[in-house]
Each structure stands twice: as C-alpha cells, then as structure tokens.
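Participant: Need a 3D model of the sequence below.
(chains A, B and C)
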Amino acid sequence: MDYYSLILQGFSIVFQPTNLFLCFFGCLMGTLVGVLPGLGPTAAIALLLPTTFHFAPVSAIITLSGIYYGAMYGGSTTSILVNIPGEAASVITTLDGYQMALDGRAGPALGIAAFGSYIAGTLSIVGLMFLAPLLARGALAFGPPEYFSLMCMGLTILIYLASGSMIKALMMAALGLIIGCIGADMLTNVHRFTLGIPELVDGVGLIPLVMGLFGISEVLLNIEIQVKQEILKGKIKNLLPNLQEWKDSAKPILRGSLLGFLLGILPGAGPAIASFVSYAVEKRVSRHPENFGRGAIEGVAGPESANNAATGGSFIPLFSLGIPSNSVMAILLGALMIHGVIPGPNLMQQSPDLFWGVVASMYVGNIMLLVLNLPLIGLWVKLLKVPYSILFPLILLFCLIGAYTASNKIVDLYIMIFFGFMGYLLRKYRYEAAPLILAFVLGPMLEDALRQSLIISEGSPKIFFARPISGTILGCTLLLLLSSLLPKIQKRRQVLPLDKEM
Amino acid sequence: MGRFGWRKPDHKSGIFFLLLGFGVCYFSWKIGLGSPAKPGPGFMPFLAGFLLAFLSFLLVIQVLFSWTAPAWVTGVQWKNTLLVLASMAAYGFLLDKIGFVLVTLGFVILLMKVIEPQSWKRAVLGGIISSMASYLLFETLLKSQLPRSFLGFF
Amino acid sequence: MKKIIKILTLSPLLLAFAGLNLSAEEAEKYPSRPVTLTGAFAAGGSTDLTCRAIGSVAPKYFSQPIISVPKPGGAGLVALQNLASSKADGYTYHLGRPSEMSIAPFIEKMPFDMGKDFIPVGQVAQDRIVFSVYAKSPWNTIEDLIAAARKEPDKIKFACSSPTATTRLGLEKFCHEAGIKLSCVPFKGGTPAAIAVAGGHVPVLTSTVSEALPHSQRGDMRVLLVCADQRVKEYPDVPTAKEKGFDVNFGIWCTVFARKDTPPAILAKFEELLKKAAEDKEFVSAMTKLGSEPGFVSAKEFAAYWPRERKWIGEIVRDVGLSKSP
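Facilitator: Got it, this is the predicted structure:
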C-alpha cells in the first residue's frame, strides 16, 4: 500500500472548504456536547444525523466523527472543573483532575488533558492507518469466555482504584454490582429489583447515576463550605502545565494511548473502560501511588489519553469488518449504509476516498480541537471565580437538563436526584464512588458473559481455561491479584488519614 | 466516643450495608438462584449481596476493635441538602406540566434566594438569563425536545 | 357579576357544541398541525431512521411535517403509554415493530388490549429474518442443519439479539415447523450476536438481513435460509422458507399504529400518505440502503393478519418458556 500518496489524497479531500468547515463544525459540536453533562456523543450524533443526509458520504462521516472525538476532549472539562463527568469516559478524570482544580491547578489539568488527548488521538489514527485489517480480525476472536475473563481482570483493577479503605472500596463495588442487576434479567426476562417502576425495567442509566453520584453530591457538599469560594478565588496559578508536569505526564500519555487504542478495538470495551484501566496502570507503576486521588497529574494524563485513543481504535472494527464496537459506531454504521457505503474489508479498497478522507480529517480534527480547547481553558478558569452561590444553581440546572435530554425521561431526573443524595451520604461516611461505577459498568457484562459461556459449554467451567485467550487473561488476573496481596504492595497502598475536610 | 462505642459513623454505615446485603440476598434467592452450571437471575445479585454483607460485617468488626482509625465526618446538614434535593425533584415533577422555561426560571430563583440569599434583583436576573440561555442552547441549537408549558409556544 | 358568571358557565357548553361540529371540519382540514411519529427504540436505530425516512418524503404528499420522536423504554411500554394517552385526533402515531406490539404483551405486564387499543394504519417496510451459520461449521444447507439438530436435540446453539427478539421467535417457529430444538444463547443486541457467530463462538445465528450482511460478505458466515416467500436481492442464492416448505413468512414489520377512537376519515388520509411514502423512490432507496425491504401493506390487510401473528407468538412464547414476569 502506497501510504504516502493515499494520505495525500485524503488530505486533499479534507482541505476542500466544505469538508474543512464540516470538520470544524463536528469538532465544535462535539466539544459542546462533551462539556454539557448528560448529552453524550451518541445522542448528538443521532440528532445531527439527518442534517448530514444531503452531504457526500465522506463529508457526513467527517462531521459525525468530529463530534465523537470532540466529545472526548470536552468531557474532561466539567470533570476537572466541577467534578461532574460529562459521560462515562470522563468519570476517572474527576478523581485527580478535580483535586487539581481545587488546588488551583485547573489550568494545567485542562492543558494536560487537551494535549494528552491530542497526542493520543493522533497516535491512534496512525495505528488505525497501518494496523486496521490485522487487529480487526483479532477482535473477532473474543467470544463470551474471553469477555468474562476480561471483565474479571477489569474488576481486579478495582484494587488499584481504591485510595482509602480497601474494605469500603470493595463494599462499593458490591453495591455497584447490585445496582447493575436492576432491571430485566437478560436471559429470563425476570424483573430484578425494579420496585414496580416500569422505567427501571431497562436498568439504571449510567448518565443519571454518574451525574448524581459525582456531580450532585459534590454540589451538596460544597454548599456547606462557605470557605470554598475564597480557596478557589485565591489560588488560580498558571494556565498551562509547567515543565515538571510535562515530564510527569509524558509516559502516562504514551501508555494511555497504547492501552486506549487496544481497548477501543474490542467491541463493547471502549473509552470508559480504557480510562479506568489506564488509571489503574498509572497508579500501579507510579513511584508515588499515594498521590493518586489527591491531584496526581498522571491520573489525568493517562486516562484522558486513553479515552481519546480508544475513539481511534473503535473505528477499526467498523471500517475493517463492518462491526460497530460501541453505540456511536453503530450509528455511524447506519450513516454509512444510508449513504450506500457498505463497511467491510473491502471498504479501504472500494472507497479509498472515504477511508483516507476520514483518516485525514481526524488529524485535522485533532489539531482543530487542540486549538479550540486551549484558549478556552482561560475562559473556564475564569468561570471558576464566579461566586459559588451563583454558580451552583447553574450547575444543578445543567445536570437536570443534561439528564433529561439524554433520554427524555423524567424518571431519570429522579434517579439522578436519588443518587445525588446517596452520593452525598456516601461521601460523608467516607466511601468512594469510583469503584461503584466500575462495578456497575463491568458487572452486567461479566454476568452476561458468564451465563452465555456456560450455555455454550453446557455448564462446564473448563471453557474459561481451555481456550487460549481466555486462559491467558485469567492467568494474568490471578497474577495481578496475588501481586496486590504481597506485603510490598500493601505498604505502597498505605491507608493515609484523609485530610480533606468534608 | 469510647473505643468500643457503637455510635461511630462506620458502625452506622456498616450495619446499614449489612442489612442491605442480607435484603438483597433474600430477594435474589426468591427470584431463583439456579445452579453454578446454569446460573439463574438471582445468582449474581445474591453473590453481590452476600459480598456486601460479609464486607460490612468485617468493617464493623474492624472498627469495633479499632484496627483502623475511625472515619470522622462532619455532620450531615439536613436542611439545606433536603431543600436542594426537594427543589430538584420539584423541577422534575413540574417540567412537563408548566414547561421548561418557567420551571427553570423558578428553580434558579428559588435556589439563589434560599441557600445563600442573594438580592431579588440578582436572583431574578440570574433566573431569566439562565432560562433564556439554556433554552437557546438546548432547544434551538441542539434541537433536543424540551417540554413546553400549557401556553404552547415555550 | 351575574352576567359574567353566566357567560363563564355557558362558554364551555358553547365550545363543546362547537367542538362537535369541529370534528367534521377537522377531518376536512387535516392535517393542520405537525404530526408526531413515535418509535419504541432509541434515536439512530433502524426504527428511528425509518420514521425519519417517512418524515423526509412526507412533504411531497402531506402538508404538515412528520416528526420522529423516539420514546424508548420499558420494552415499548413508554411509547405505547404515550400513544394510548394522546388525543385521538390523528396527530400522534407510533411506528410499531413486532417486538413491542406482538411479543411484549406476552412477556411484560401491559395494561392494553393490543387488538382493541391500537389500530394499524399501514405497513411501510419490513426487515427479513435470515438464519446463518459459522463458515467453518459442517452444514452447507438448511437440511444439513435440520438433520444434525434431529440427531442431537437441544445441543446446537444459536445466537440472537435478545431472548425475546423477533428474530428468535422467527427461528423458534421454524424449529417448531421442522420438528427440531436448538439451544438459545442470547446477547444484548444484534451486533454482539453476529460477532459471536462470525468468530465461531456460537454456530448458528438468527438475525436480520442487514445484521448478517457484512459477515457473510467477508466469508465468515454462510446464510442458509431467509424467512420469506420470495428471494431477497441481498441473497439471491439463498433459498426461502417457502421453497423449503416451511410456513415462516415472518418479517420484522414497520407498521404505523394509531390509538383507538381516532376518526376513520383521518386514518384513511394518513394511510394514503403512508402508501405514497412507501412507494416513493427516495424512501425505497433509503430503506434498501438500510437493508430493509420497503413495501406497503394496507390497514385492512394488516388488521386481518395481526391477530393471527399474535396468536402463534403467544404459543411460541409459552413453549419456549418465556413467561410474564411476576
């Protein structure tokens, strides 16, 4: 494949005025959507899909892709500034990003998030370019047993997410598992814990849960602290990361990019899981893991890079196999089909214009996003200086609107409020919410994979160990578990008294 | 707070989760556990409930014998918290009855006046600006469908 | 004061009286407001896209816009409650699929009598169900599969997008006709199910044409049968159920429903619109690109067919063991 000329061809397509404008429009919408909590890229893409009908296929895909990775850039903004994750992929960023903001380092946090996202996005596009067909076939090798093992490993990573009491973190994970079970059982359709509320038959939505548990609870806590305003007013330091912060972030960004890219390829995984895993990895390899949860920049650099790299990776199964790896890709698939393009292994050969045009637009889009987001940092930081008594109704308002627009169901608002209250109490009693979310996301996937595998194997658990990929992953999980129990690791994870005043 | 006192916060939360875990176990058992070879709908929640109960038990024991430093919390401020939550619930309740713009207006004004009282001017101004701005943003720009009031046009 | 009270109490009566006369005029003036078309599935899915396709060709035949409003949730309950509680004035319709209109009533507690509370207005398209196998499996024809299944009842596994999916019920009906029993491995969605089969983890797949297409084109799957009376153009070499002697001409239809008591005159007008839309070239090409089969079925024809379908679905749901939740 003559990559050089193909890429040039791609760029020539992108630099047509219409496409350039659409790329910018997509990125802008994506950032906006990412910043606004609740309205995720899936909904935005679905809403804007009809407006792209009249454009050429390549233009339509450029716009929609722009929304997707733009949202990843934007999602970190509210996580860092007000502890409200815009979507699942930004939850992890709240752990350290928000702490950095409280420390007056909102600027560097946002800056590293933006740069990390850019580097990761670009690297993942390179990966997409060269590795697409190869890796896509690998994704097909993952069946239910492999997913089960993967989820086991994911849950084991929980151990690394906890910064306080391990028992309490595990309790939160158990609670997350339980909340994840709410709804109609996948296999038998039995209603579990739905308390007679019809909307709960589909389960608790991730968006209301996350926004309530993190965002609303944060606001409720902050209202109690009159001192808060002075803290934020006084300490806004520089707007961009300093040299030390750059040095600290370099490796996390690279690791996050690789991790995110690989996880993005797997159908069902995606940016959220990539961000969780990256956080755990960074904490594990860090020389100062006790800083995590208190403003470690690695805790922002890694996950933010991972979630952007995952977006690049998630295009691979779509373009090479015609398989969407998450809901956004599913809509893109629909968009492609409407335009008469059948994604598949022949896509790259049959519609090289489309493929390379989109790839080139991703490069351009990432640059646009960097340029868009950096100056905005100054704006966001100024926003933090607004007195909290004026700010908090607006934050709550955005949460309410965001939750409503995500699904158009009033019940989701009540769910969010309920979890806001729960989150407030949990924080008061010193429990962490992050393990809950992780278990909530992974638990159902684990359960489904377990039951599917057992149907396939007709009850025999051998299937998890006999298959090479699954067995390997389980082996690694076991190693991870054992290594965490070693005393050496225990010492690293000292339980320090939490000194942040509640 | 004596070393073996039962009023430590971790005790309260520990016992709460212990009971919750048992409750979940019970209801999961009712739904049907199936067998390890063919897990039923109650299998996973039962395990999770059991885990929760077991860990809560460990927590209570741990704190009882002061193996770890007890978590200290500042008191729960019920009044403001419940007020905010209630106003949010009211927002949800009234949203499709009196429409987006009016509810937003009322909500912002209420919160601005009650929690950390601002002047009427500020509150009303803030309310109007936020409802207009968010309406423009969500309805016009993003084309999400927000509920309208009985007045029809907004 | 007395006068004002008189006027106030009389005016509702006057309005009501006017209202009675209005309905005849309303039918004449219909449509005078935009029309809402709901769907029981999320935005961006095939139901929503079909609604939007109708909406985009409607301006040619209808003087008011038709707006697609997805109302997912509760296995269709949310959308149906919305329809049932709307005014019977012909401005709210629902684009239904077998999933919530025929199957869900047997699975969930739905406070409706489907046949009486909802009136079909017209079918505009349908998705055909196909049965495929993993490319490296030993079965080349549907007869091979049936023979193998007869030897080992309940052993051969098949993947489907959910335990209550229309595609699953189609396969179960087929199995019933063929006298075999296959074991169901449900997934959350058509794509994960198809991927599992394409990767060889589960040998058989029941899905729509569009879900199977990318995998069969790549050569990872072989399509053995399509549930139709005539061959479909995506798979001209695949035999139909009819050819093989099975009565499984069951597609995943897209039919517009109105709530009961909607004036027939208004329904007739809307049915006319649907007919024209379904035959519109732009609509046909949009549906084809989505992998659906456009085609109009009149309200009368559908209304005759629908109770029969609900009957056999109820039987199969019972046979397969999917019960109403407690």
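Participant: Could you count how many residues lie near A:M337?
Facilitator: Summarising burial for A:M337: neighbours were counted as other C-beta atoms under 10 Å in any protein chain shown, giving 22. For the C-beta atoms, the positions are set from N, CA and C on the backbone; glycine is no exception.
Participant: do C:T38 as well
Facilitator: C:T38 is flanked by 25 other residues according to other C-beta under 10 Å.
Participant: For it, what is the enclosing helix or strand?
Facilitator: Taking DSSP states H and E as the criterion, C:T38 maps to strand C:35-39.
Participant: Quickly check: that strand near chain B or not.
Facilitator: No. Judged by C-beta under 8 Å from any C-beta of the partner chain, strand C:35-39 makes no contact with chain B; its nearest approach is 9.9 Å.
Participant: just checking, next helix/strand downstream of that strand?
Facilitator: Once strand C:35-39 ends, the next helix or strand along the chain (criterion: DSSP H and E) is helix C:46-57.
Participant: could you give the angle of that following helix to strand C:35-39?
Facilitator: Orientation of helix C:46-57 against strand C:35-39 (axes from the mean of the first three to the mean of the last three C-alpha atoms, to 10 degrees) gives an angle of 160 degrees.
Participant: okay, helix C:46-57 in CSV with CA atoms only?
Facilitator: What follows is helix C:46-57 as a C-alpha-only set of coordinates in CSV (Å, rounded to 0.1, in the frame of the first residue of the first chain):
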residue,chain,number,x,y,z
SER,C,46,-33.4,1.4,12.4
THR,C,47,-36.9,2.3,13.7
ASP,C,48,-36.0,5.9,14.2
LEU,C,49,-34.3,6.0,10.8
THR,C,50,-37.4,4.6,9.2
CYS,C,51,-39.5,7.2,10.9
ARG,C,52,-37.2,9.9,9.7
ALA,C,53,-37.3,8.5,6.2
ILE,C,54,-41.0,8.8,6.2
GLY,C,55,-40.7,12.3,7.5
SER,C,56,-38.3,13.3,4.8
VAL,C,57,-40.5,12.2,1.9
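Participant: List the contacts of that helix.
Facilitator: Helix C:46-57 is touched from outside by A:46, A:49-50, A:53, A:334, A:338, C:37-42, C:65-68, C:70, C:95, C:97, C:124-125, C:127, C:210, C:254, C:274, C:277, C:280, C:282-283, C:286-287, C:290, C:292, with contacts defined as C-beta atoms under 8 Å, 6 or more residues apart in numbering or on different chains.
Participant: Give me the pLDDT for the residue in the stretch 51-200 of chain C that chain B sits nearest to.
Facilitator: Nearest to chain B, among the residues of the stretch 51-200 of chain C, is C:V69, at 6.8 Å (C-beta to the nearest C-beta). Model confidence at C:V69, given as pLDDT, is 84.
Participant: returning to that earlier point: from the contacts of helix C:46-57, list just the buried residues.
Facilitator: If you count burial by 16 or more other C-beta atoms under 10 Å in any protein chain shown, the buried members of the contacts of helix C:46-57 come out as A:46, A:49-50, A:334, A:338, C:37-42, C:66, C:68, C:70, C:95, C:97, C:124-125, C:127, C:210, C:254, C:274, C:277, C:280, C:283, C:286-287, C:290, C:292.
Participant: Which strands or helices does the longest helix anywhere in chain A pack on?
Facilitator: In chain A, taking DSSP state H as the definition, the longest helix is helix A:106-140. Packed against helix A:106-140 by the contact rule (3 or more C-beta pairs under 8 Å, 6 or more residues apart in numbering or on different chains; DSSP states H and E) you find helix A:3-14, helix A:57-82, helix A:99-102, helix A:243-265, helix A:298-316, helix A:352-384, helix C:190-198.
Participant: For the fifth one, what is the distance to the chain centroid?
Facilitator: For helix A:298-316, the distance from its own C-alpha centre to the chain's C-alpha centre is 8 Å (C-alpha atoms, centre = their mean, to the nearest Å).
Participant: could you point out which element follows it?
Facilitator: Once the chain leaves helix A:298-316, the next helix or strand it forms, by DSSP H and E, is helix A:327-338.
Participant: and for that following helix, what are the contacting residues?
Facilitator: With C-beta under 8 Å, 6+ apart as the test, helix A:327-338 has contacts from A:41-42, A:45-46, A:49, A:52-53, A:57, A:60-61, A:64-65, A:68, A:314-315, A:317-318, A:322, A:324, A:342-343, C:44-46, C:49, C:191, C:210, C:286, C:289-291.
Participant: Now stretch A:295-309: average pLDDT?
Facilitator: Averaging pLDDT along stretch A:295-309 gives 90.
Participant: circling back: of the helices and strands packed on helix A:106-140, which approaches B:R122 most closely?
Facilitator: Closest to B:R122 of those, according to C-beta to C-beta: helix A:352-384, at 17.4 Å.
Participant: which strands and helices sit next to the closest one?
Facilitator: Using 3+ C-beta pairs under 8 Å, 6+ apart, helix A:352-384 is in contact with helix A:3-14, helix A:17-35, helix A:57-82, helix A:106-140, helix A:347-350.
Participant: The residue of the stretch 51-200 of chain C closest to chain B: what's it in contact with?
Facilitator: Counting by C-beta under 8 Å, 6+ apart, C:V69 touches B:145, C:36-39.
Participant: That one - that's part of a strand, no?
Facilitator: Yes. With DSSP: H, G, I helix; E, B strand; the rest coil as the criterion, C:V69 is assigned to a strand.
Participant: Check the spacing between it and C:F41 real quick.
Facilitator: In this structure, C:V69 and C:F41 are separated by 12 Å, where distance is defined by C-beta to C-beta, to the nearest Å.
Participant: Pull the number of nearby residues for C:M114.
Facilitator: The burial count assigned to C:M114 is 19, neighbours taken as other C-beta under 10 Å.
Participant: For stretch C:273-286, list the C-alpha coordinates in PDB.
Facilitator: Output of stretch C:273-286 as PDB, limited to C-alpha atoms (Å, rounded to 0.1, in the frame of the first residue of the first chain):
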ATOM      1  CA  LEU C 273     -49.900   9.200   2.800                       C
ATOM      2  CA  LEU C 274     -48.100   6.100   4.100                       C
ATOM      3  CA  LYS C 275     -48.900   4.300   0.800                       C
ATOM      4  CA  LYS C 276     -47.400   7.100  -1.200                       C
ATOM      5  CA  ALA C 277     -44.400   7.400   1.000                       C
ATOM      6  CA  ALA C 278     -43.800   3.600   0.900                       C
ATOM      7  CA  GLU C 279     -43.800   3.700  -2.900                       C
ATOM      8  CA  ASP C 280     -41.700   6.900  -3.100                       C
ATOM      9  CA  LYS C 281     -38.400   6.300  -4.900                       C
ATOM     10  CA  GLU C 282     -36.400   8.200  -2.300                       C
ATOM     11  CA  PHE C 283     -37.900   6.200   0.500                       C
ATOM     12  CA  VAL C 284     -37.400   2.900  -1.300                       C
ATOM     13  CA  SER C 285     -33.700   3.700  -1.800                       C
ATOM     14  CA  ALA C 286     -33.200   4.800   1.800                       C
END
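Participant: sorry, back to before: reformat the helices and strands packed on helix A:352-384 as JSON lines; add mean neighbour count, distance to A:G475 and mean pLDDT.
Facilitator: As requested, the helices and strands packed on helix A:352-384 are arranged in JSON lines below (neighbours: other C-beta atoms under 10 Å in any protein chain shown; distance: least, C-beta to C-beta, whole Å; pLDDT from 0 to 100):
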{"stretch": "helix A:3-14", "mean neighbour count": "16", "distance to A:G475": "37", "mean pLDDT": "80"}
{"stretch": "helix A:17-35", "mean neighbour count": "22", "distance to A:G475": "37", "mean pLDDT": "83"}
{"stretch": "helix A:57-82", "mean neighbour count": "28", "distance to A:G475": "32", "mean pLDDT": "83"}
{"stretch": "helix A:106-140", "mean neighbour count": "23", "distance to A:G475": "18", "mean pLDDT": "82"}
{"stretch": "helix A:347-350", "mean neighbour count": "16", "distance to A:G475": "35", "mean pLDDT": "70"}
